[in-house]
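Visitor: below is the sequence, then the predicted model.
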Amino acid sequence: MSINDALSVLKAEQQRIESQIKQLDAAITGLRGIGKGSRVGSRKNRMSAAGRARIAAAQRARWAKLKAAKKK
């Protein structure tokens, strides 16, 4: 096998590998879009101040109940 033959084999291998890399890049690009949903703009679920206040009051009541049970 001459050097020219070896170079042509290596060039063919390089082209095959580059083709596979392009296919992998396309697959990765396609997978990045999965799971993000179809919404145009992302919205965060936000809780109102009143909702937070109700949750905080309920938690304070639970703590008070536990604290009262420890004193007995």
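Guide: Ah, there it is.
Visitor: going forward, measure contacts between C-alpha atoms and count neighbours the same way
Guide: OK.
Visitor: and stretch 19-35, how far out from the chain middle?
Guide: Mean C-alpha position of stretch 19-35 versus that of the full chain (CA atoms, centre = their mean, to the nearest Å) differs by 15 Å.
Visitor: now that stretch: average pLDDT?
Guide: Here stretch 19-35 scores 87 as its mean pLDDT.
Visitor: can I get it as CSV, trimmed to CA atoms?
Guide: Output of stretch 19-35 as CSV, limited to C-alpha atoms (Å, rounded to 0.1, in the frame of the first residue of the first chain):
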residue,chain,number,x,y,z
SER,A,19,-21.0,13.1,8.0
GLN,A,20,-21.8,11.2,11.3
ILE,A,21,-20.9,14.3,13.3
LYS,A,22,-23.4,16.3,11.3
GLN,A,23,-26.1,13.8,11.9
LEU,A,24,-25.4,13.8,15.6
ASP,A,25,-25.5,17.6,15.7
ALA,A,26,-28.9,17.5,14.0
ALA,A,27,-30.2,15.0,16.4
ILE,A,28,-29.0,17.0,19.4
THR,A,29,-30.6,20.1,18.0
GLY,A,30,-33.8,18.3,17.6
LEU,A,31,-33.7,16.9,21.1
ARG,A,32,-33.1,20.3,22.7
GLY,A,33,-36.6,21.4,21.7
ILE,A,34,-38.4,18.4,23.3
GLY,A,35,-39.9,19.0,26.6
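Visitor: who touches it?
Guide: By CA atoms under 8 Å, 6 or more residues apart in numbering, no residue outside stretch 19-35 reaches it.
Visitor: past the longest helix that the chain contains, which element shows up next along the chain?
Guide: Longest helix of the chain, by residue count under DSSP state H: helix 3-32. Later in the chain than helix 3-32, the nearest helix or strand by DSSP states H and E is helix 49-71.
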